[in-house]
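Asker: Sequence unavailable; structure follows:
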């Protein structure tokens with residue numbers, strides 16, 4: 001067993017995909033961790049803004065939490081309809097693109113990607129914040145702890161959806177169970193004490209009143225508390241990950257997640273008020289999280305306290321898994337429309353979209369280092385992207401129902417219209433309230449992402465227009481030379497140029513197509529039309545088309561193995577591997593294409609077979625773009 005098998009597991013065949021699908025039991029920890037864990041930092045984000053008003057601010061926490069729960073229920077009913085209407089997944093991006101147009105779709109995609117990056121950063125930093133609350137001596141190591149947890153979550157997700165779900169089940173249900181017990185214990189103390197429960201451990205002294213309560217302050221508190229709604233859209237993005245009936249299983253999963261989250265938010269906000277718990281300054285000596293103080297107040301700092309804090313730490317840290325489940329899937333959907341590099345659409349050895357997972361990990365690591373792993377510094381950037389995506393999705397569903405006009409379409413449209421209106425107002429409130437504190441960074445990043453999407457799309461469009469081919473191949477006359485192998489992906493000017501070069505070298509040409517997804521019908525049609533017919537008319541033997549199935553989605557390895565086997569089969573023949581490749585004119589275009597040709601050349605060179613030669617057949621594009629007849 002090599003190190004890669006040990007870290008991320010052995011490769012899974014494409015036929016194993018069905019076994020990787022999940023039910024509600026594993027769907028809750030995979031797609032619900034982000035939403036459920038927000039119960040740990042949503043109320044605290046709101047209370048942190050009430051620190052300057054001291055105990056006076058506690059009377060506002062229950063009404064604000066009630067407003068957030070009502071908003072949560074509206075969004076729930078809206079996304080339940082989205083799951084039924086778009087079972088292929090894609091969430092806000094798919095809905096906005098199909099119903100509102102390309103630009104709103106890109107806006108939703110950029111907002112969601114931004115939200116997912118922040119979800120990972122906030123979840124991990126909040127988890128480490130819970131740990132630091134219990135063990136203050138670890139505070140200097142905050143960033144290192146954050147990065148260590150990020151590496152673990154990344155590796156777990158690289159192992160596949162099913163294994164990640166299994167690993168996260170125990171922490172998720174332990175977290176929910178301990179918080180339910182804490183809430184139940186606090187309510188029992190409330191009843192026994194006649195409405196005035198006493199904390200079993202001393203609480204930090206409230207901050208002296210230094211400013212008055214204003215409507216603007218309450219709007220800011222509401223905006224911070226709305227971070228509790230992030231992650232609600234996750235199930236709608238990953239419907240295809242559920243086993244059949246996928247829609248019903250996804251809806252059941254969403255229902256359980258929303259119900260549990262609503263109960264947690266209501267219970268925590270009410271007990272915080274009756275126990276008189278106020279927030280402490282994050283990142284400062286003596287900091288304690290709200291849940292740390294609440295658990296200690298109800299049960300004291302015994303075994304159950306540390307069990308609760310441990311479960312909070314685990315779930316807050318692992319809540320990043322929701323983004324790791326959705327970010328790569330969303331990147332794949334965007335890449336399928338040519339707005340991201342195509343590598344985001346390739347599944348890795350464990351049937352997950354490896355490049356999306358790795359990019360998310362790198363971006364999150366940069367964010368954690370930049371903001372020191374402190375949740376309070378990251379929260380102002382949060383929720384803007386999520387609520388912007390909510391809004392576009394809901395208004396997109398209104399257009400969907402209006403187009404469809406099925407039974408009860410007006411009722412469905414009204415539900416989504418109400419959701420879109422409320423979340424749209426919330427976007428404005430969150431943006432205005434948090435703009436100076438850091439939300440401007442999010443609003444700058446989203447347009448930059450859209451600009452990147454458009455640039456990538458324009459590039460791919462230029463490549464397709466430049467390489468699209470309706471011309472037949474021109475076979476050459478020659479004597480008795482070697483055996484030529486030409487790797488072919490699809491019929492294009494690039495493939496045509498490679499075949500023409502090979503046919504100039506030898507009459508025996510073998511085109512090899514590695515087919516990971518078994519979608520080769522179009523290539524067979526083009527081959528008959530543009531290769532076999534012209535060779536037949538020229539009286540020349542047609543190149544052979546060999547299809548190599550690749551159940552594990554490898555491309556280079558099966559190709560190299562085929563070439564080596566052919567060399568062993570013909571020990572008296574020289575073999576020339578003609579590699580058709582696109583030569584880009586700009587440096588950044590190099591990263592937008594798989595450099596498989598160069599990797600194939602390198603692997604054959606490493607093999608060191610003196611009878612195997614490689615020859616490039618470049619097709620120039622970009623600054624050096626030329627006709628297909630350009631010299632090799």
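Answerer: Alright, I've got the coordinates. A quick note: this is a predicted structure, and the numbers were derived from the prediction, not measured.
Asker: Please make it C-alpha for all contacts and neighbour counts, starting now.
Answerer: Noted.
Asker: On the three-state scheme, residue 576 is what?
Answerer: When classified by DSSP: H, G, I helix; E, B strand; the rest coil, residue 576 comes out as strand.
Asker: try the one 4 residues further on
Answerer: Per three-state DSSP, the local secondary structure of residue 580 is strand.
Asker: Contacts only, for it.
Answerer: Residue 580 is in contact with 486, 487, 488, 494, 495, 497, 498, 597, 616, 617, 618, 619, counting by CA atoms under 8 Å, 6 or more residues apart in numbering.
Asker: so which of these would you say is closest to residue 52?
Answerer: Of all the contacts of residue 580, the one with the least separation from residue 52 (CA to CA) is residue 597, at 62.1 Å.
Asker: picking that back up, from the contacts of residue 580, list just the buried residues.
Answerer: Neighbour-count burial (16 or more other CA atoms under 10 Å) applied to the contacts of residue 580 gives 486, 487, 488, 494, 495, 497, 498, 597, 616, 617, 618, 619.
Asker: Around the spatially closest residue to residue 483 that is not a sequence neighbour, how many other residues sit close by?
Answerer: Spatially, and ignoring its direct neighbours in sequence, residue 483 is nearest to residue 575 (4.9 Å; CA to CA, 6 or more residues apart in numbering). Residues lying near residue 575 (other CA atoms under 10 Å) number 23.
Asker: Select from the contacts of residue 580 every entry located in helices.
Answerer: Cross-referencing the contacts of residue 580 against helices under DSSP state H gives 494, 495, 497, 498, 597.
Asker: Just send those residues back as a markdown table, with distance to residue 75 and pLDDT too.
Answerer: Converted to a markdown table, the ones in helices among the contacts of residue 580 look like this (distance: CA to CA, whole Å; pLDDT from 0 to 100):
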| residue | distance to residue 75 | pLDDT |
| --- | --- | --- |
| 494 | 48 | 88 |
| 495 | 49 | 90 |
| 497 | 54 | 89 |
| 498 | 54 | 90 |
| 597 | 48 | 69 |
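Asker: would you list those residues in CSV and tack on distance to residue 131?
Answerer: Listed next are these as CSV, based on distance: CA to CA, whole Å:
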residue, distance to residue 131
494, 56
495, 57
497, 61
498, 59
597, 48
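Asker: Out of the residues you listed, name the two that are farthest from one another.
Answerer: 497 and 597 (14.5 Å).
Asker: Quick check: residue 507 touching residue 539?
Answerer: No - if you go by CA atoms under 8 Å, residue 507 and residue 539 don't touch, sitting 11.3 Å apart.
Asker: out of the contacts of residue 580, which one sits closest to residue 87?
Answerer: Closest approach to residue 87 among the contacts of residue 580 (CA to CA): residue 488, at 33.9 Å.
Asker: The closest residue to that closest one other than its chain neighbours: neighbouring residues, count only.
Answerer: Among residues not flanking residue 488 along the chain, residue 513 sits closest, at 5.2 Å (CA to CA, 6+ apart). Look at residue 513: counted by other CA under 10 Å, it has 20 neighbours.
Asker: Okay, now the sheet partners of the helix or strand hosting residue 513, with direction.
Answerer: Taking DSSP states H and E as the criterion, residue 513 maps to strand 509-515. Next to strand 509-515 in the sheet, as set by DSSP bridges, lie strand 483-487 (parallel), strand 544-549 (parallel).
Asker: Which one, of those strands, ends up nearest to residue 329?
Answerer: strand 544-549 (24.2 Å).
Asker: List the buried residues of the next helix or strand after the closest one.
Answerer: Of the helices and strands lying after strand 544-549 in sequence (DSSP H and E), the nearest is helix 556-569. For helix 556-569, burial by neighbour count (16+ other CA under 10 Å) applies to 556, 558, 559, 560, 563, 564, 567.
Asker: Greatest separation within these: which pair is it?
Answerer: Farthest pair in the buried residues of helix 556-569, by CA to CA: 556 and 567, 16.6 Å.
Asker: my read is residue 614 is in a helix, agree?
Answerer: No - with three-state DSSP as the criterion, residue 614 is strand rather than part of a helix.
Asker: show me what contacts it?
Answerer: Residue 614 is in contact with 576, 577, 578, 579, 601, counting by CA under 8 Å, 6+ apart.
Asker: redo that, cut-off 6 Å
Answerer: By CA atoms under 6 Å, 6 or more residues apart in numbering, the residues touching residue 614 are 576, 577, 578.
Asker: How confident was the prediction at the last one?
Answerer: Spelled out, that is residue 578. At residue 578, the predicted lDDT confidence score is 91.
Asker: Tell me the bridge partners for it.
Answerer: Taking DSSP bridges as the rule, residue 578 bridges to residue 615.
Asker: Let me know the pLDDT of the residue most central in space within the chain.
Answerer: Of all residues in the chain, the one closest to the mean position by CA atoms, centre = their mean is residue 327, 0.6 Å from it. For residue 327, the pLDDT comes out at 88.
Asker: does it count as helix, strand or coil?
Answerer: With three-state DSSP as the criterion, residue 327 reads helix.
Asker: Apart from its chain neighbours, what residue comes closest to residue 421?
Answerer: Using CA to CA, 6+ apart and skipping residues adjacent in sequence, the residue nearest residue 421 is residue 391, 7.3 Å away.
Asker: Can you tell me which of the contacts of residue 614 is nearest residue 427?
Answerer: Proximity of the contacts of residue 614 to residue 427 (CA to CA) peaks at residue 578, which lies at 55.0 Å.
Asker: ok, now which ones touch that closest one?
Answerer: By CA under 6 Å, 6+ apart, the contact list for residue 578 reads 485, 486, 614, 615, 616.
Asker: which pair in those spans the largest distance?
Answerer: The most distant members of those, if one measures by CA to CA, are 485 and 616, lying 11.6 Å apart.
Asker: Now do the same for the residue nearest to residue 421: helix, strand or coil?
Answerer: Following three-state DSSP, the label given to residue 391 is helix.
Asker: which residues sit in contact with it?
Answerer: Residue 391 sits next to 420, 423, 424 when contact means CA under 6 Å, 6+ apart.
Asker: Lowest pLDDT pick from those?
Answerer: The lowest pLDDT within those belongs to residue 423, which sits at 80.
Asker: what is the residue nearest to residue 488 paired to in the beta sheet?
Answerer: residue 547.
Asker: so how far is residue 490 from it?
Answerer: Distance, residue 513 to residue 490, by CA to CA, to the nearest Å: 8 Å.
Asker: What ranges in the stretch 201-350 of the chain fall below the confidence cut-off?
Answerer: Per-residue confidence for the stretch 201-350 of the chain (pLDDT under 70) gives these ranges: 209-210, 282-285.
Asker: any idea how far residue 56 is from residue 207?
Answerer: Remark: distance between residue 56 and residue 207 (CA to CA) = 10 Å.
Asker: swap that for residue 509, please
Answerer: Distance, residue 509 to residue 207, using CA to CA: 81 Å.
Asker: Compare these two and say which is more crowded by neighbours.
Answerer: Neighbours were counted for residue 509 and for residue 207 using other CA under 10 Å; residue 509 has more, 25 against 16.
Asker: residue contacts, the more buried one?
Answerer: Residue 509 touches 484, 485, 543, counting by CA under 6 Å, 6+ apart.
Asker: let's go with 7 Å and repeat that
Answerer: 483, 484, 485, 502, 503, 543, 544 (CA atoms under 7 Å, 6 or more residues apart in numbering).
Asker: Can you report how many residues lie near the first one?
Answerer: Spelled out, it's residue 483. Count around residue 483 with other CA under 10 Å applied: 21.
Asker: I'd guessed it sits against residue 571; true?
Answerer: No - if you go by CA atoms under 7 Å, residue 483 and residue 571 don't touch, sitting 11.5 Å apart.
Asker: Low-confidence stretches in the stretch 51-200 of the chain?
Answerer: Low-confidence segments of the stretch 51-200 of the chain, defined by pLDDT under 70: 89-90, 130, 134, 161-165.
Asker: can you give me the helices for it?
Answerer: 58-85, 91-100, 102-134, 142-158, 161-192 (DSSP state H, counting those that start in this stretch).
Asker: same for the shortest one, what does it pack against?
Answerer: Yep, that's helix 91-100 we're talking about. Applying 3 or more CA pairs under 7 Å, 6 or more residues apart in numbering; DSSP states H and E, we find helix 91-100 packed against helix 102-134, helix 384-404.
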